[in-house]
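Enquirer: Mind looking at a prediction? Sequence and model below.
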Amino acid sequence: MELDGCPSPSSGLQRFCFCFALFCFLFEARSACLSRSHEDPTFNPPFLTLHNRFLAESNDMVMDSENNKCSEKINKGSQLREAFKMLDANFFDDTKVLDIAREAKELNLPIFAANRELVASENGGLHNPSCLVFNPEWTDEQVENASNRFSYPTLSGIQRPKTEEDIAFMSILELGELIRTKQITSLELVQIFLRRLRRYNPVLESVITYTDELAYKQAKEADELLAKGVHLGPLHGIPYGLKDIIAVPGYKTTWGSGSFKDQVLNIEAWVYKRLKSAGAVLVAKLVSGSLAYDDIWFEGRTRNPWNIEEFSTGSSAGPAASTSAGMVPFAIGSETAGSITYPAARCGVTALRPTFGTVGRTGVMSIAESLDKLGPFCRSAEDCTVVLDTIRGKDPDDLSSRYIPLDDPFSVDIKRLTVGYTDDAEMEVVNVLKSKGVKTVPFKLNYTVDSVQGILNFTMDVEMLAHFDEWQRTRQDDLYEAQDQWPTELRRARVIPAVDYVQAQRARRKLIQEVKKSFTVDAFIGNATDWERVCLGNLVGFPVIVVPTGFKNISNPPSEGTRRRTTITTGIYARPNHDHIALALAMAYQSVIYHHKQRPPIDNLGPSDIMPYPPTTIPHRRLHP
């Protein structure tokens with residue numbers, strides 16, 4: 001049916017409501033006429049007359065007629081009530097919805113526009129943070145300063161290996177000892193890791209920007225300081241990588257998105273400042289999935305070094321894959337809803353998602369201010385402890401960051417701990433800890449809130465849209481690398497009412513209270529990638545360390561054999577502000593079992609086992625920013 005004769009409503013929503021109501025009206029009229037025709041064959045259905053009359057009348061209508069003749073057929077209040085259905089608010093009568101529309105036009109829309117102009121003209125959430133701050137505290141303790149550093153174990157007898165491969169897979173403390181004892185220079189390490197980054201990146205697609213010039217400058221400074229007798233600590237001269245949502249002056253910060261691939265932010269991210277002050281050397285900006293969602297970015301999709309037919313999954317794909325492949329000793333990634341836990345598990349590395357607020361986020365692209373966390377990807381829990389010690393603390397420009405009173409993980413007496421294990425825990429970890437004197441008990445987190453995944457969905461999507469309002473309004477989302485990801489979610493978020501976002505936060509608070517009551521152990525061991533638990537942990541804000549626990553054969557291996565493997569991991573979870581407990585337990589396990597020291601088969605896949613191109617597509621996982 002042609003509708004060109006009716007004035008075009010000014011907005012898509014109005015057009016939808018108008019056309020839907022008009023369709024319903026004509027459909028009902030047609031149905032009634034056809035029913036009458038069946039009953040009386042001599043009946044001349046007026047529907048056709050109505051139809052033709054409508055078309056004839058529509059030709060005479062103009063835009064400024066204010067729907068004079070259309071409004072005779074369609075009640076404006078009914079149209080709006082149809083629109084209110086998708087907001088689950090169709091309980092208003094016609095008079096009320098017309099009043100709401102008038103008041104919204106007169107009062108709400110000007111406020112919307114003023115606020116957008118004031119704080120939403122720049123994308124990414126780098127400016128104008130919200131004054132609503134999430135705090136996962138389970139106690140009322142006030143901590144003014146908790147900046148005491150950890151006491152690292154002293155290594156002795158560390159000798160420089162003969163091959164670059166062996167050097168690349170040494171721990172942070174081992175590399176640090178080589179530098180301290182002047183068996184190797186920071187400049188040499190930079191050269192080794194830049195070679196490895198360039199060698200394996202064509203396969204893994206895990207690097208966005210090489211920072212050679214900066215790396216050589218920082219390495220030279222580290223070597224000169226050491227020559228003067230100044231040693232800054234275990235990260236002195238150690239190369240590393242940053243997820244490319246973290247700003248570094250003079251280099252692109254692309255957020256993994258084609259919309260921002262040429263963006264340079266002359267901001268020193270707080271976490272970068274902390275690492276620089278500790279003498280660490282930045283060698284690369286590593287892949288972030290586009291706008292920190294999954295592993296697809298503007299030039300490809302990052303692969304898993306343990307099985308290059310697979311993708312890395314999760315937006316911290318570059319940090320996970322590069323650390324796993326020995327392309328960097330460690331890297332900094334981020335998690336809002338699984339982007340540390342998933343790629344760490346897939347790529348077989350040890351990674352820590354700290355308590356919310358432990359690491360400052362100034363200069364970092366924001367998804368959700370009440371969920372975003374930065375954390376390290378490393379070879380081991382010991383390395384994670386060293387890096388966390390450097391980057392933790394109060395960031396004066398991040399209202400969510402805090403001084404957290406962490407005990408020294410190297411000094412924790414694990415024999416005094418009670419550790420739970422869930423039905424999906426890797427029992428090897430449980431048994432090892434039990435053999436070391438830890439009390440282990442079966443455990444389950446109990447809570448009555450049954451909308452955990454929905455609460456996270458609402459929270460993340462609404463807060464993300466606030467940071468990328470301009471991006472959506474200017475239709476840059478049409479160019480996004482994966483249309484079934486952020487574009488779909490953020491369009492849906494546009495119609496989440498403010499009241500229901502607040503209700504979700506109230507439900508979140510109820511969840512936190514119930515989890516706190518149920519968390520009756522010092523820590524628990526369980527699957528790190530169970531989606532319900534990922535959502536729960538991020539909403540509540542407690543830490544988890546992902547620990548490699550073994551390997552199994554890939555599905556459908558080539559008949560000639562292969563060295564490719566599927567990694568097995570588990571998570572060790574602790575209460576908020578008790579990251580040191582999770583780290584201590586993980587270090588205890590890794591002091592006995594050495595899965596974390598295994599190297600992925602990126603140089604020797606097996607007979608006739610070449611990398612497929614494109615790689616086998618792994619089924620897409622929803623919501624892994």
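Expert: Right, received. Where do you want to start? Residues are numbered from 1 along each chain as shown.

Enquirer: Got the phi and psi for Val328?
Expert: Phi and psi for Val328, reported as degrees, to the nearest 10, are phi -150, psi 150.

Enquirer: That one - how many residues pack around it?
Expert: 29 (other CB atoms under 10 Å). For every residue, glycine as well, the C-beta is placed using N, CA and C.

Enquirer: so who does it touch?
Expert: When contacts are counted by CB atoms under 8 Å, 6 or more residues apart in numbering, Val328 touches 193, 197, 239-241, 283-284, 286, 322.

Enquirer: Over to Lys276?
Expert: Residues near Lys276 by CB under 8 Å, 6+ apart: 218, 282.

Enquirer: that's a strand at it, yeah?
Expert: No - per DSSP: H, G, I helix; E, B strand; the rest coil, Lys276 lies outside any strand segment and is helix.

Enquirer: And it, how close does it get to Thr529?
Expert: Shown here: Lys276 relative to Thr529, a distance of 33 Å by CB to CB, to the nearest Å.

Enquirer: residue contacts, the residue nearest to Ser451 when sequence neighbours are not counted?
Expert: Once flanking residues are discounted, Ser451 sits nearest to Ala507: 6.4 Å by CB to CB, 6 or more residues apart in numbering. By CB under 8 Å, 6+ apart, the contact set of Ala507 is 449, 451, 455.

Enquirer: name the element Ala507 belongs to?
Expert: Assigned by DSSP states H and E, Ala507 belongs to helix 498-518.

Enquirer: before we move on, what about Leu175?
Expert: helix 172-180.

Enquirer: chain center to that helix: distance?
Expert: Offset of helix 172-180 from its chain centre (CA atoms, centre = their mean, to the nearest Å): 32 Å.

Enquirer: Report all helices and strands that whichever helix or strand comes after it contacts.
Expert: Beyond helix 172-180 on the C-terminal side, the first helix or strand identified by DSSP H and E is helix 186-204. Secondary-structure packing of helix 186-204 (3 or more CB pairs under 8 Å, 6 or more residues apart in numbering; DSSP states H and E): helix 164-168, helix 172-180, strand 207-210, helix 212-227, strand 239-243, strand 281-286, helix 317-324.

Enquirer: Need the winner for burial among those.
Expert: The highest average neighbour count among the helices and strands packed on helix 186-204, using mean count of other CB atoms under 10 Å, belongs to helix 317-324 at a mean of 34.

Enquirer: C-terminal to it, what's the next element?
Expert: The helix or strand immediately downstream of helix 317-324 is strand 331-335, counting by DSSP H and E.

Enquirer: Now do that following strand: distance to the chain's middle.
Expert: With CA atoms, centre = their mean, you get 9 Å for strand 331-335.

Enquirer: just stretch 394-405 next, same as before
Expert: 20 Å.

Enquirer: Could you list the buried residues of that stretch?
Expert: Within stretch 394-405, the residues that count as buried by 16 or more other CB atoms under 10 Å are 394-395, 398-404.

Enquirer: Now stretch 329-343: average pLDDT?
Expert: Mean pLDDT, stretch 329-343: 97.

Enquirer: Considering the contacts of Val328, which is situated nearest to Leu80?
Expert: Leu80 lies nearest to Leu286 out of those, by CB to CB, at 48.8 Å.

Enquirer: which one is that closest one nearest to, not counting chain neighbours?
Expert: Once flanking residues are discounted, Leu286 sits nearest to Gly318: 3.0 Å by CB to CB, 6+ apart.

Enquirer: Quick check: the one you found vs Leu126, distance?
Expert: As judged by CB to CB, Gly318 and Leu126 stand 20 Å apart.

Enquirer: All the helices of the stretch 251-400 of the chain, residue numbers only.
Expert: For the stretch 251-400 of the chain, the helices defined by DSSP state H, counting those that start in this stretch occupy 270-277, 317-324, 341-347, 381-391.

Enquirer: nearest to Glu205, of these?
Expert: Among these, helix 317-324 sits nearest to Glu205 (CB to CB), with 8.3 Å.

Enquirer: count of residues packed around Leu374?
Expert: Neighbour tally, Leu374, other CB under 10 Å: 27.

Enquirer: Look up which residues are beta-bridged to the nearest residue in space to it that is not next to it in sequence.
Expert: Leaving aside its sequence neighbours, Leu374 sits nearest to Val359 (CB to CB, 6+ apart; 4.3 Å). Beta bridges link Val359 to Arg392, judged by DSSP bridges.

Enquirer: tell me the contacts of Val359?
Expert: Contacts of Val359 by CB under 8 Å, 6+ apart are 271, 373-375, 388, 391-392, 395, 401.

Enquirer: show me where pLDDT drops low in the stretch 351-500 of the chain?
Expert: Along the stretch 351-500 of the chain, the model assigns pLDDT under 70 to no residue.

Enquirer: if we go to 90?
Expert: 404-405, 451, 481-485, 488-489, 492-496 (pLDDT under 90).

Enquirer: Run a quick neighbour tally on Tyr408.
Expert: That one is not Tyr; residue 408 is Asp. 16.

Enquirer: gap between the closest residue to it other than its chain neighbours and Ala574?
Expert: Excluding the flanking residues, the one nearest Asp408 by CB to CB, 6+ apart is Phe150, at 4.6 Å. Taking CB to CB as the measure, Phe150 and Ala574 are separated by 16 Å.

Enquirer: same thing with Phe112?
Expert: 42 Å.

Enquirer: Neighbour count: those two, which is higher?
Expert: Per other CB under 10 Å, whichever of Phe112 and Ala574 has more neighbours is Ala574, with 25 against 13.
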